[in-house]
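**Student:** Kindly return the folded structure for what I paste below:
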Amino acid sequence: MPSDVVRFTGAKDFRARVLCSVLSGKPLVIRDVRSASRPDAAAASVGLRDYEISFLRLVDKLTNGTKIVIGEDGTSLRFEPGVVRGGRRLTHECAASRGVGYYVEPTLALGLFAKKPIELTLTGVTNDDADVSVDVFRTVTLPMLKKHFGVEDGLGLEVTRRGCPPGGGGSVTLTLPIVKTLPTLDWCDEGLVKRVRGVTFTCKVSPQNGNRMVDAARGVLNKFIPDVYIFTDHHVGPEAGKSPGYGLSLVAETTTGCVLGADGASTACSSAKDEASGVDWSDDAEARVPEDIGRRVAEALVAEIQRGGVVDSTHQSLALILLACGPEQVSRVRLGQLTPRAIDTLRVIKSFFGVVFHVQPEIESGTVFCSCVGVGLKNVAKRST
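**Tutor:** Take a look at the predicted model:
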């Protein structure tokens, strides 16, 4: 293996490590992935999870020449990245233990530097509490890429079928164009919230659950802003997936074009935990009723607005990686209090790209300015116009 191999220990921020390995072209070695030597380790919890292996399979489908070697006990990984190929009519069945959002986020960054535009169909769980829902990706992430990262027309996410845990059965189609380079970014004005939009979904349950979530969310949000409109999306039959469930996603739009999102669902895995915020929803996941979900998602959105920054906490990691891939000029972004996942991502970026962010806190607002000089990543497959 080449001498510039990057080595890590443990399974923390697994997706960012693999993503940066592919973008930088540097091989990756991870040791002691949930090693059995830990005193609290159970036999079933040792090594790579099924969703992490599924993610590696997806990366292998999107690239040419990638070599993946997993140790016999699953606690070690050698990853030699290939070239991002892309292509049309690609399909991938996601592990039901994590949502489709777990796979969509790194695919967005990979697809921008592919040889060909990507058309990818992902099947599995579309809405749960462990990962960002497909609704937030459609209404928050994609508009962010279009407005601030120079992604041309052709970017889209279509939800064909909903899928709730544990059965899943959902399906989404992701289309990604390619870019030549990312723009220099000076994105520091979050503006003021001018309206809130949202959507509730109900699958194989009474559509009245959607109205109950809307009423509970409006009871929180109307104390702050009058312009609140939440759509209801009811599914029956095959388009409702394999398991019953319901949930809500909310989006706050600001006067400067920033979008902040929050979401929640009725069912979750027993170990459901949001990677970005660290909020554990599993204690009462089975007992939550529509009113609880509506109120908690609305309160989560208010907390994101109060946190400040031009992106919400779940998008900090993606924004930092895209900044590091930007041109060799100073780019700057304003974020709320950095989440543990974002801090881990900063370390991963330094290991692969050698990019060090200058983090300057602003005491008055509680936000931080993150600036860096990018590595000038270019997509040679994209013709200049």
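**Student:** which SSE is residue 35 in?
**Tutor:** In this assignment (DSSP states H and E), residue 35 forms part of neither any helix nor any strand.
**Student:** From residue 56, how far off is it?
**Tutor:** As judged by C-beta to C-beta, to the nearest Å, residue 35 and residue 56 stand 19 Å apart. Every residue, glycine included, has its C-beta placed from N, CA and C.
**Student:** now residue 173
**Tutor:** Residue 173 is 22 Å from residue 56, by C-beta to C-beta.
**Student:** before we move on, what about residue 22?
**Tutor:** 11 Å.
**Student:** Can you pick out the residue with more neighbours from those two?
**Tutor:** residue 22 (23 against 18; other C-beta atoms under 10 Å).
**Student:** Name the SS class of that one, please.
**Tutor:** Secondary structure for residue 22, judged by DSSP: H, G, I helix; E, B strand; the rest coil, is helix.
**Student:** what's the neighbour count on the nearest residue to residue 378 once chain neighbours are set aside?
**Tutor:** Closest residue to residue 378 apart from its sequence neighbours, by C-beta to C-beta, 6 or more residues apart in numbering: residue 181 at 5.3 Å. Neighbours of residue 181 under the rule other C-beta under 10 Å: 18.
**Student:** Name the residue closest to the centre of this structure, please.
**Tutor:** residue 105 (4.0 Å; C-alpha atoms, centre = their mean).
**Student:** Identify the residues contacting it.
**Tutor:** Applying C-beta atoms under 8 Å, 6 or more residues apart in numbering, we find residue 105 in contact with 15, 132, 137, 141, 318.
**Student:** what sits against residue 57?
**Tutor:** residue 92.
**Student:** Make sure I have this right: residue 352 is in a helix.
**Tutor:** Yes: secondary structure of residue 352 (three-state DSSP): part of a helix.
**Student:** Tell me the confidence at it?
**Tutor:** Listed pLDDT for residue 352 reads 96.
**Student:** Likewise for the one 10 residues further on?
**Tutor:** The model reports residue 362 with a pLDDT of 92.
**Student:** Residue 41 now?
**Tutor:** 50.
**Student:** Partner strands of the stretch of helix or strand residue 260 belongs to and their direction?
**Tutor:** Using DSSP H and E, residue 260 maps to strand 259-265. Sheet pairing of strand 259-265 (DSSP bridges) gives strand 245-254 (antiparallel).
**Student:** Might you calculate how far the partner strand sits from the centre of the chain?
**Tutor:** 15 Å (C-alpha atoms, centre = their mean, to the nearest Å).
**Student:** Buried residues, it. List them.
**Tutor:** 245, 246, 247, 248, 249, 250, 251, 252, 253, 254 (16 or more other C-beta atoms under 10 Å).
**Student:** Now flag whichever of these is closest to residue 164.
**Tutor:** The closest of the buried residues of strand 245-254 to residue 164 turns out to be residue 245 (C-beta to C-beta; 2.9 Å).
**Student:** For residue 116, which three-state class applies?
**Tutor:** Quick answer, by three-state DSSP: residue 116 is coil.
**Student:** So it versus residue 51, what's the distance?
**Tutor:** 26 Å.
**Student:** neighbour-wise, which of those two wins?
**Tutor:** Between residue 116 and residue 51, counted using other C-beta under 10 Å, residue 51 has the larger neighbour count: 21 against 15.
**Student:** Now residue 216: which helix or strand?
**Tutor:** Using DSSP H and E, residue 216 maps to helix 208-221.
**Student:** again, but for residue 303
**Tutor:** helix 290-307.
**Student:** Residue 194 contacts residue 224, doesn't it?
**Tutor:** No: if you go by C-beta atoms under 8 Å, residue 194 and residue 224 don't touch, sitting 11.7 Å apart.
**Student:** How far off centre is the strand holding residue 260?
**Tutor:** Relative to where its chain is centred, strand 259-265 has its mean C-alpha point 12 Å off (C-alpha atoms, centre = their mean).
**Student:** How about residues contacting that strand?
**Tutor:** Taking C-beta under 8 Å, 6+ apart as the rule, strand 259-265 contacts 127-129, 132-133, 135-136, 139-140, 143-144, 164, 245-254, 281, 293, 296-298, 300-301, 303-305, 311-312, 314.
**Student:** Enumerate every residue touching residue 108.
**Tutor:** With C-beta under 8 Å, 6+ apart, residue 108 has these contacts: 141, 145, 174, 176, 318.
**Student:** Spatially nearest residue to residue 8, not counting backbone neighbours?
**Tutor:** residue 30 (4.9 Å).
**Student:** do the same with residue 220
**Tutor:** Per C-beta to C-beta, 6+ apart, closest to residue 220 is residue 298, 3.7 Å.
**Student:** where does the stretch 251-385 of the chain dip in pLDDT?
**Tutor:** 267-287, 383-385 (pLDDT under 70).
**Student:** ok so, going back, looking at the buried residues of strand 245-254, which is nearest residue 188?
**Tutor:** Once C-beta to C-beta is applied, the member of those that ends up nearest residue 188 is residue 254, at 12.7 Å.
**Student:** For that closest one, name its beta-bridge partners.
**Tutor:** Partner residues in beta bridges with residue 254, using DSSP bridges, are residue 193.
**Student:** For the remainder of this discussion, apply numbering that starts at 22.
**Tutor:** Yep, numbering from 22; the last one is residue 275 now.
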